[in-house]
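Peer 1: pasted the sequence and its predicted model underneath.
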Amino acid sequence: MGGRTPRPLVFWACLLLACVAGPAAAQDETRAVWVVRYSLASIGSVDRVVEIATQMNLNTLLVQVRGRGDAYFPSDLAPRAEELESMPREYDPLMRIIERAHAQNLEVHAWINVYLVWSAGRQPRSQLHVVNAHPDWIAVRSDGRKLVEMVPEEFQEEKVEGMYLAPGNPDVRRHLREVVREIVTHYPVDGIHLDYVRNPEPDVGYDAGTRTAFMREFGIDPARFAFSPFFSCRPSMRRWPGPSGSRRSRRFHRMGPRSHLRGAGTSGACR
């Protein structure tokens, strides 16, 4: 949840992406770990991440720099993460971990939560946050209700972990491209790692823009079958990453000549 107290050093699901290999491992083998955003909350924690990764013979860090529509680096597009409020404004967690990691021959990939922009609960404090600045960008349920209008108890009852952007909204897609562009333009990251490229459940994703985009791609308006027990395509609304996914990926690739594009698998864990 946004505003959550920073944890000590955390390697999320340590070795989830790859096993630790010995000295004989091939040079092109990726031995990576997810570095959760709370591990960036202090200089000491960042340095400890790099120290442990080196000791474990890893070669890649997937560093969460956008967790809930915020930024763990100076940004013109998203507010500074609330977990960094106790740190000096000049503290730049992303640059710090890049400098320390590259000095140890570790790659750093910027891990971005794409559509999930806030956890269920209180609203973000910053008026610059997308939930406050652009409530019209937030996803809509099949009954026409916006996630931004729901109260915390409803999120819990519906088992929706928070507020998601509407993937078919052109302004949302433009904003996300600019977020990636900002990172690859200002930081020597070795890759971009995309997570939460989905809707939270089949009954979310029914704003006008997303419905139109889905209809153009599949030839059917999903709202026609939203409440049908026979609609076998409803789960695809949850997994559908939005219109023109392959074209969006190519745009991301063109933003940085050094950067690789990765995607996380769908998981029930809330990161």
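Peer 2: Everything's here; your move. Numbers count the residues shown, from 1 in each chain.
Peer 1: CA only for contacts and neighbour counts going forward, please
Peer 2: Will do.
Peer 1: so how far is stretch 192-207 off the chain centroid?
Peer 2: 10 Å (Cα atoms, centre = their mean, to the nearest Å).
Peer 1: what are the C-alpha coordinates of it, in CSV please?
Peer 2: Only the C-alpha atoms of stretch 192-207 are listed here, as CSV (Å, rounded to 0.1, in the frame of the first residue of the first chain):
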residue,chain,number,x,y,z
ILE,A,192,13.1,-2.3,-18.8
HIS,A,193,11.1,-5.0,-16.9
LEU,A,194,7.3,-4.6,-17.2
ASP,A,195,4.9,-6.0,-14.5
TYR,A,196,1.1,-5.8,-13.9
VAL,A,197,0.4,-5.5,-17.7
ARG,A,198,-3.1,-6.7,-17.1
ASN,A,199,-6.5,-5.9,-15.6
PRO,A,200,-7.1,-7.1,-12.0
GLU,A,201,-10.1,-9.3,-13.0
PRO,A,202,-12.4,-10.0,-15.9
ASP,A,203,-15.0,-7.5,-14.6
VAL,A,204,-12.5,-4.6,-14.9
GLY,A,205,-11.6,-2.9,-18.2
TYR,A,206,-14.9,-1.6,-19.5
ASP,A,207,-14.1,2.1,-20.0
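Peer 1: got the residue ranges for the helices in the protein?
Peer 2: For the chain, the helices defined by DSSP state H occupy 43-55, 93-103, 130-133, 152-158, 170-186, 208-218, 234-239, 245-255.
Peer 1: name the residues that touch the fourth one?
Peer 2: So the one you mean is helix 152-158. The contact list for helix 152-158, computed with Cα atoms under 8 Å, 6 or more residues apart in numbering, reads 120-122, 161-162.
Peer 1: where does the stretch 101-250 of the chain have low pLDDT?
Peer 2: 226-250 (pLDDT under 70).
Peer 1: residues in contact with residue 126?
Peer 2: Residue 126 neighbours (Cα under 8 Å, 6+ apart): 79, 132.
Peer 1: relative to residue 66, how far out is it?
Peer 2: 15 Å (Cα to Cα, to the nearest Å).
Peer 1: just to revisit the earlier point, check the contacts of helix 152-158 against residue 188 and report the nearest one.
Peer 2: residue 162 (31.1 Å; Cα to Cα).
Peer 1: nearest the geometric middle of the chain, what residue?
Peer 2: residue 113 (0.6 Å; Cα atoms, centre = their mean).
Peer 1: what about the strands in the stretch 1-150 of the chain?
Peer 2: In the stretch 1-150 of the chain, the strands defined using DSSP state E, counting those that start in this stretch lie at 11-12, 32-35, 60-66, 107-113, 116-119.
Peer 1: for the first one, the averaged confidence score.
Peer 2: Throughout strand 11-12, pLDDT has a mean value of 40.
Peer 1: can you pick out the most distant pair from the contacts of helix 152-158?
Peer 2: Maximum distance among those (Cα to Cα): 12.8 Å, for 122 and 161.
Peer 1: those two: which has the busier surroundings?
Peer 2: residue 161 (20 against 12; other Cα atoms under 10 Å).
Peer 1: tell me if I'm right that that one and residue 120 touch.
Peer 2: Yes - assessed by Cα atoms under 8 Å, residue 161 is found in contact with residue 120 at 5.9 Å.
Peer 1: against residue 40, how distant is the spatially closest residue to residue 144 that is not a sequence neighbour?
Peer 2: In space, and not counting its chain neighbours, residue 144 is closest to residue 206: 7.2 Å by Cα to Cα, 6 or more residues apart in numbering. Between residue 206 and residue 40 the computed distance is 35 Å (Cα to Cα).
Peer 1: who touches the closest residue to residue 212 other than its chain neighbours in this structure?
Peer 2: Leaving out its chain neighbours, the residue that sits closest to residue 212 by Cα to Cα, 6+ apart is residue 221, at 7.2 Å. Applying Cα under 8 Å, 6+ apart to residue 221 gives the contacts 211-212, 214-215.
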